[in-house]
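In: Sequence first, then the predicted structure, then my questions.
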Amino acid sequence: MTLKGKRAVITGSNSGIGLGIAESLAAAGADVILNSFTDRPEDHDLARDLGARHGIAARYVAADMSKGADCRTLVEKAGGCDILVNNAGIQFVAPIEEFPVEKWDMILAINLTSAFHTIAAALPGMKAKGWGRVVNIASAHGLTASPFKGAYVAAKHGIVGLSKTVALEVAGRGITCNAICPGYVLTPLIEAQIPEQMKVHNMDRETVIREVMLERQPSGQFATVEQIGATTVFLCSPAADQVTGTTLSVDGGWTAL
């Protein structure tokens, strides 16, 4: 299949899962807008390199996903989009009674509320064209829970519910909205969790990976950013025209337990 002529906006995409998704969409022919909150020369170089390698138009647009106005401006600066991937996310681990209020607010803003704003900004253009794809990157934690991750679990459950609501609102308009629920993917976000998990569980790095992180992932393997990217491309393909309002788990069997 080809996504030539489609414009994709991917939030939080200058590294990790977001960049992997951008690579996959670009390989399928879509023009891409990369995003993060930084505005460094290397961010723009990343977009130029991506575009040159795949022969597509690629730009980088800085926007702070904790700010609603920035979220909506991102879509406007992109010139609208045919494909919207809400991937931006942060994490913090602590017991509920010790969870810093500012961390709770920031995680909910970036991991959940940003998607509300970008979707609201993108839908009018999709409706006008009669075609659109919204892909929200949730998590296995959007379907289940773990201790010490209250804000993250709440936000990801919210993303799953938001995806279902949007799908129902645009049903029959040529627009779909779905959530991908990855298990553990070895990205900078996951790498950043490892030291905290080591402290919480009093374990070394390898033991935390084996007995805490992948203990609930029956395959015993991390998912890859390429697999998440390929799943996103599938959801944008004609084969997925009737796939909407649902979740696709890429979690090595985690949520089958």
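Out: Cool, got the structure.
In: Mind naming the longest strand for the protein?
Out: Assignment by DSSP state E gives strand 175-182 as the longest strand of the chain.
In: which residues touch the helix of greatest length in the chain?
Out: Among the segments of the chain that qualify as a helix by DSSP state H, the longest is helix 150-170. Contacts to helix 150-170, defined as Cβ atoms under 8 Å, 6 or more residues apart in numbering, come from residues 86, 89, 91-92, 96, 99, 103-104, 107-108, 111-112, 115-116, 119, 123, 126-127, 132, 134, 136-139, 141-143, 145-146, 176-179, 181, 244-247. Backbone N, C-alpha and C define where each C-beta goes, glycine included.
In: Sort out for me which of those residues are in strands.
Out: Using DSSP E, the contacts of helix 150-170 in strands are 86, 132, 134, 136-137, 176-179, 181, 247.
In: dump the residue contacts of Arg72.
Out: Arg72 neighbours (Cβ under 8 Å, 6+ apart): 117-118, 120-121.
In: Go again with 6 Å.
Out: 117, 121 (Cβ atoms under 6 Å, 6 or more residues apart in numbering).
In: Over to Met126?
Out: 132, 175.
In: re earlier: most widely separated two among the ones in strands among the contacts of helix 150-170?
Out: Greatest spatial distance among these (Cβ to Cβ): Gly132 and Cys181, at 21.0 Å.
In: Now do the longest strand of the chain: which elements does it pack against?
Out: For strand 175-182, the packing partners by 3 or more Cβ pairs under 6 Å, 6 or more residues apart in numbering; DSSP states H and E come out as strand 132-137, helix 150-170, helix 225-235, strand 247-250.
In: again, only this time at 10 Å
Out: helix 16-27, strand 83-86, helix 114-129, strand 132-137, helix 150-170, helix 225-235, strand 247-250 (3 or more Cβ pairs under 10 Å, 6 or more residues apart in numbering; DSSP states H and E).
In: Can you tell me which of the ones you listed is nearest to Lys6?
Out: strand 83-86 (5.7 Å).
In: CA atoms of that closest one as PDB?
Out: Output in PDB follows, covering the C-alpha atoms of strand 83-86 (Å, rounded to 0.1, in the frame of the first residue of the first chain):
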ATOM      1  CA  ILE A  83      -3.000  11.000   9.900                       C
ATOM      2  CA  LEU A  84      -2.700  12.100  13.500                       C
ATOM      3  CA  VAL A  85      -0.600  10.000  15.900                       C
ATOM      4  CA  ASN A  86      -0.800  11.000  19.500                       C
END
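In: partner strands of it, parallel or antiparallel?
Out: Counting by DSSP bridges, the strands paired with strand 83-86 are strand 7-10 (parallel), strand 132-137 (parallel).
In: residues touching the spatially closest residue to Gly5 that is not a sequence neighbour, list them.
Out: Residue nearest to Gly5 in three dimensions, not counting chain neighbours: Gly29, with 7.7 Å by Cβ to Cβ, 6 or more residues apart in numbering. Residues in contact with Gly29 (Cβ atoms under 10 Å, 6 or more residues apart in numbering) are 1-6, 54-56.
In: Try it again at 7 Å.
Out: 2-4, 56 (Cβ atoms under 7 Å, 6 or more residues apart in numbering).
In: quick one: which of these has the most company?
Out: Tallying neighbours with other Cβ atoms under 10 Å puts Leu3 at the head of the contacts of Gly29, with 23 neighbours.
In: Would you mind measuring from that residue to Gly55?
Out: 13 Å (Cβ to Cβ, to the nearest Å).
In: circling back: for the residue nearest to Gly5, give me phi and psi.
Out: With angles defined as degrees, to the nearest 10, Gly29 sits at phi 110, psi 0.
In: and what of Gly12?
Out: The phi/psi pair for Gly12 (degrees, to the nearest 10) is phi 60, psi 50.
In: any idea how far the residue nearest to it when sequence neighbours are not counted lies from Gln242?
Out: The shortest distance from Gly12 to any non-neighbouring residue, by Cβ to Cβ, 6+ apart, is to Ala88 (3.2 Å). Between Ala88 and Gln242 the distance is 28 Å, computed by Cβ to Cβ.
In: Alright, that wraps it up for me.
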